[in-house]
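J.: Everything below, folded, please.
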Amino acid sequence: EVQLVESGGGLVQSGGSLRLSCTTSGFTFDDYAIRWFRQAPGKEREGVGCISNSDGNTYYEDSAKGRFTFSSDNAKNTVYLQMNSLKPEDTAVYYCAAELFCYSGYDYWGQGTQVTVSS
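T.: Below you'll find the model as predicted:
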């Protein structure tokens, strides 16, 4: 059974940091890329970026550039999203999804983790 489980969300003050995890199972981690999305209340889902587990390449959407960093631990089948200098507008449910290549179209996704940034 394929599973992606996000964790690490919570409440943080503006300017603070959080590290989200996306722990996966049920597929060959090294063969997939992990894309991150977020969705704020009343807004459309927004892409955050992607990390390719096969070659380590990373791609960041404009909202994440300079503040967010992807990393992966292939031994743990886990991808991390380090978020620094958080802003209230970063408040959203953050999701991870697995796809064969970054932006190829995801096949599996997690249930999300809530991030709330207070001003």
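J.: I'd like the distance between the nearest residue to Y59 once chain neighbours are set aside and S63.
T.: Nearest residue to Y59, sequence neighbours excluded (CB to CB, 6 or more residues apart in numbering): C50, at 4.7 Å. Placement of C-beta: from N, CA and C, glycine included. Using CB to CB, to the nearest Å, C50 is found at 14 Å from S63.
J.: More neighbours: which of the two?
T.: Remark: of C50 and S63, C50 carries more neighbours, 25 against 16, as counted by other CB atoms under 10 Å.
J.: Would you agree that one is in contact with Y32?
T.: No. Assessed by CB atoms under 8 Å, C50 is found out of contact with Y32, at 10.6 Å.
J.: Are there residues contacting both of the two? Which ones?
T.: E99 (CB atoms under 8 Å, 6 or more residues apart in numbering).
J.: just checking, what packs against the lowest-mean-pLDDT helix or strand in the chain?
T.: Of all helical and strand segments in the chain, the minimum by mean pLDDT, DSSP states H and E falls on strand 108-109, at a mean of 94. When contacts are defined as 3 or more CB pairs under 8 Å, 6 or more residues apart in numbering; DSSP states H and E, strand 108-109 packs onto strand 92-99.
J.: Which pLDDT value does the model give the residue positioned nearest the centre of the chain?
T.: In the chain, the C-alpha nearest the mean C-alpha coordinate belongs to W36, at 3.5 Å (CA atoms, centre = their mean). What the model reports for W36 is a pLDDT of 98.
J.: following the regular element (helix or strand) spanning it, which helix or strand comes up?
T.: Using DSSP states H and E, W36 maps to strand 33-39. Downstream of strand 33-39, the first helix or strand assigned by DSSP H and E is strand 46-52.
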